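Asks: this one's structure only:
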């Protein structure tokens, strides 16, 4: 055991570092970094089993137990580690696999991804530590990192360089086991290489590579390579941005960081565009054309006054607005607005029902000024407002007939002890925003199953989503308890790039709930975790402050261009999806989405290549293993096959004695450690002396020689 530990300690350490770093990237993608410490323990156990134990009948059950334990630590589902948990987890994996293969889920669910990666880690631990197959193992790890880069729109150059360095160091330690003096030199060289890689600016490297690679990159572009990456990678997923079509919501989302507009202002605020009232169970629909009043405004100054709001306004501020994307809609803050247009001929259309403002011509007025007065009310004032239904033609209490009863029951349970309108509203808001049951994630959000309600699926099954999920759930639950509410959409505050200079991108698109308060009109409420409505609200009631603390923050950070929002970042806002991704199909026939199909194709190709390599590299050993273990072939049948194989490396004269040849062979291949000499002696005793030992006495010896012969490389002939 001591000798084995001495031989395997370096491979165990390098394997552990490699697997831990690679697994952490997967956890980051699924926003499960908090589980990294316990997954490190699982990876360490895999490496210890591979390094310390040699008997397969002991290893296999241990690997299985560690794998199950790792899955339980990641997905306990509030159950104990038992057969009940195993059945529940297996059923969930089966259900997710069906949705994934049917194309209803355009991403790989975390339960399936982590299960597969943990299984691969156990196999690679055995391959690296026990069988010392360094090259193929690290190629698999680096290939895995490349898949993460392509399919998740992330950058991991340093990690790939680090894995390559680990692989080189691992290979060096195997080749030069007896040359311990070189370890320090090689380690220092790799450390210097990593420091240089870390320190050299990536843009400098890119600049040096662009010119000489221009011809090759143009060739790839002509052949459609970049288009293929876009189509088979993240490109087929829905991208963030304002969309007119919200009839079918759900599915993962990728950030689009195109700038939509810029604003110079003093106070950050949400930019409202539109609202929708009809909830179908799958998404939100606009009222039929002609059912709402559209007013036209023109001239250099256009006043848009919120007549429903009877409370005080804040002091007037001036906003300089510059559009980069010339769409027809005009994002505006809440409150009273005076629009000063540079083009006197510009005409605006205002939907009095949804309060949406559009240009007659989307190319009009790239730049203009806003005189803005924000709402200035207190939450304590709202506590005095009783429930009132607005007198409009639109039913703000509408719900689909098939809305599951458990959604209504949950809403009633959350608001049962609240007596005021604002208390009921904030009770539902706080439940969605502050409950540990829900998790914000754009890449993990899934589609409901066929004929399943969108809000019901989010509240009781997935409990993972982004603003569309949280805001829709809040509006539906408010309506379920008789509170008029509607679904609003637009943009969050954007990024403050300079003092009082804000940039708003497609990735800042967002949705939220609006609730009607008599005397105040439609007021916004934020149910999405890590987001805050930066309205001019104050409160003098500590009780209301506690129940509405999620509303009181006055700043909203901006979205990151390359990563998805996690629990400690308030960036990456997003609303309704653009129509670049297909909605979940209702077709019952078997289908696979393009991104899933290409992902599976690449995985199958890599597995096939790895399997082909294993067969090519180990076919001789596998052949002998089959003869010895399955066919129970004796030494008289197996030794001539081994001898013939050995003669490919060291030639033998016909009259040369076997014992003499074995000595010469081992002089050239010391890694056999006298096993070939010993086997030859056993064979000669059985052949000439009639002394044949039992089957078990030479099985392991035959397999040891076969293994070394399968790994040997031709050096020279004698």
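Replies: Received the coordinates, thanks. None of these values were measured; they are calculated from a predicted model.

Asks: thought residue 440 was touching residue 468?
Replies: No. Counting by Cβ atoms under 8 Å, residue 440 does not reach residue 468; the two are 11.5 Å apart. From N, CA and C alone the C-beta is placed, and that goes for glycine too.

Asks: who's more crowded, these two?
Replies: Set residue 440 next to residue 468 and count neighbours by other Cβ atoms under 10 Å: residue 468 wins out with 29 against 25.

Asks: is the more buried one in contact with residue 249, as I believe?
Replies: Yes. Counting by Cβ under 8 Å, residue 468 does reach residue 249; the two are 5.1 Å apart.

Asks: does residue 527 really touch residue 474, like I thought?
Replies: Yes. At 4.1 Å, residue 527 and residue 474 qualify as touching, with contact defined as Cβ under 8 Å.

Asks: so what sits against both of those two?
Replies: 428-429, 432, 513 (Cβ atoms under 8 Å, 6 or more residues apart in numbering).

Asks: next step: these restricted to helices.
Replies: Mapping those onto helices (DSSP state H) picks out 428-429, 432.

Asks: out of those, which is most surrounded?
Replies: Ranked by neighbours (other Cβ under 10 Å), these are led by residue 428, which has 28 neighbours.

Asks: wait, doesn't that residue sit right on residue 476?
Replies: No. Residue 428 lies out of contact with residue 476 (Cβ under 8 Å); the separation is 9.7 Å.

Asks: okay, and the common contacts of those two?
Replies: Joint contacts of residue 428 and residue 476 (Cβ under 8 Å, 6+ apart) are residue 411.

Asks: format the shared contacts of residue 527 and residue 474 as CSV; extra columns: pLDDT and distance to residue 123.
Replies: Shown next, in CSV, are the shared contacts of residue 527 and residue 474 (pLDDT from 0 to 100; distance: Cβ to Cβ, whole Å):
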residue, pLDDT, distance to residue 123
428, 95, 47
429, 94, 47
432, 94, 41
513, 95, 48
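
Asks: residue 48: which of the residues you listed is nearest?
Replies: Nearest to residue 48 out of those is residue 432 (Cβ to Cβ; 43.2 Å).

Asks: which stretches of the stretch 501-650 of the chain have low pLDDT?
Replies: 534-617 (pLDDT under 70).

Asks: if we use 80, what do you get?
Replies: In the predicted model, the stretch 501-650 of the chain carries pLDDT under 80 at residues 532-619, 629-632.

Asks: then the stretch 201-350 of the chain?
Replies: Using pLDDT under 80, the flagged stretches of the stretch 201-350 of the chain are 201-244, 251-257, 286-293, 298-300, 341-346.

Asks: the stretch 301-450 of the chain: strands as residue ranges?
Replies: Secondary structure of the stretch 301-450 of the chain by DSSP state E, counting those that start in this stretch: the strands cover 301-304, 317-323, 336-341, 347-351, 356-359, 367-373, 377-378, 439-440.

Asks: nearest to residue 128, of these?
Replies: Here strand 439-440 is closest among those (Cβ to Cβ), at 33.8 Å.

Asks: still on that earlier bit, okay, the ones in helices among the shared contacts of residue 527 and residue 474 in JSON lines with distance to residue 402 next?
Replies: Formatted as JSON lines, those follow (distance: Cβ to Cβ, whole Å):
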{"residue": "428", "distance to residue 402": "21"}
{"residue": "429", "distance to residue 402": "25"}
{"residue": "432", "distance to residue 402": "22"}
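
Asks: which member of those residues is positioned nearest residue 343?
Replies: The closest of these, once distances to residue 343 are taken by Cβ to Cβ, is residue 429, at 40.8 Å.

Asks: what about the closest one, distance to residue 474?
Replies: 6 Å (Cβ to Cβ, to the nearest Å).

Asks: who touches both of those two?
Replies: 513, 525, 527.

Asks: out of the shared contacts of residue 527 and residue 474, who's nearest residue 261?
Replies: residue 513 (23.8 Å).

Asks: and what about the nearest residue to the closest one once chain neighbours are set aside, helix, strand or coil?
Replies: Distances taken as Cβ to Cβ, 6 or more residues apart in numbering put residue 474 closest to residue 513, at 4.3 Å, once the chain neighbours are dropped. On the three-state scheme (DSSP: H, G, I helix; E, B strand; the rest coil), residue 474 is labelled helix.

Asks: longest strand in the protein, please.
Replies: strand 509-517 (DSSP state E).

Asks: buried residues in that one?
Replies: 509-517 (16 or more other Cβ atoms under 10 Å).

Asks: in its sheet, what does it sit against?
Replies: Taking DSSP bridges as the criterion, strand 509-517 sits next to strand 485-491 (antiparallel), strand 521-525 (antiparallel) in its sheet.

Asks: please list the outside residues in contact with the last one.
Replies: Think strand 521-525. Against strand 521-525 from outside (Cβ under 8 Å, 6+ apart): 270, 272, 275, 306-309, 334, 355, 375, 382, 425-426, 429, 474, 486, 488, 512-517, 533, 535, 551.

Asks: and those residues, which of them are buried?
Replies: Buried among those by 16+ other Cβ under 10 Å: 270, 272, 275, 306, 309, 334, 355, 375, 382, 425-426, 429, 474, 486, 488, 512-517, 533, 535, 551.

Asks: residue 678 is nearest to which of the strands of the stretch 301-450 of the chain?
Replies: So among the strands of the stretch 301-450 of the chain, strand 439-440 is nearest, using Cβ to Cβ, at 60.6 Å.

Asks: residue 33 and residue 58, how far apart?
Replies: 33 Å.

Asks: the more surrounded of the two?
Replies: residue 33 (14 against 11).

Asks: got a pLDDT number for the residue lying closest to that one once chain neighbours are set aside?
Replies: Counting by Cβ to Cβ, 6+ apart, residue 33 lies nearest to residue 27, which is 5.3 Å off, once chain neighbours are set aside. Residue 27 carries a pLDDT value of 86.
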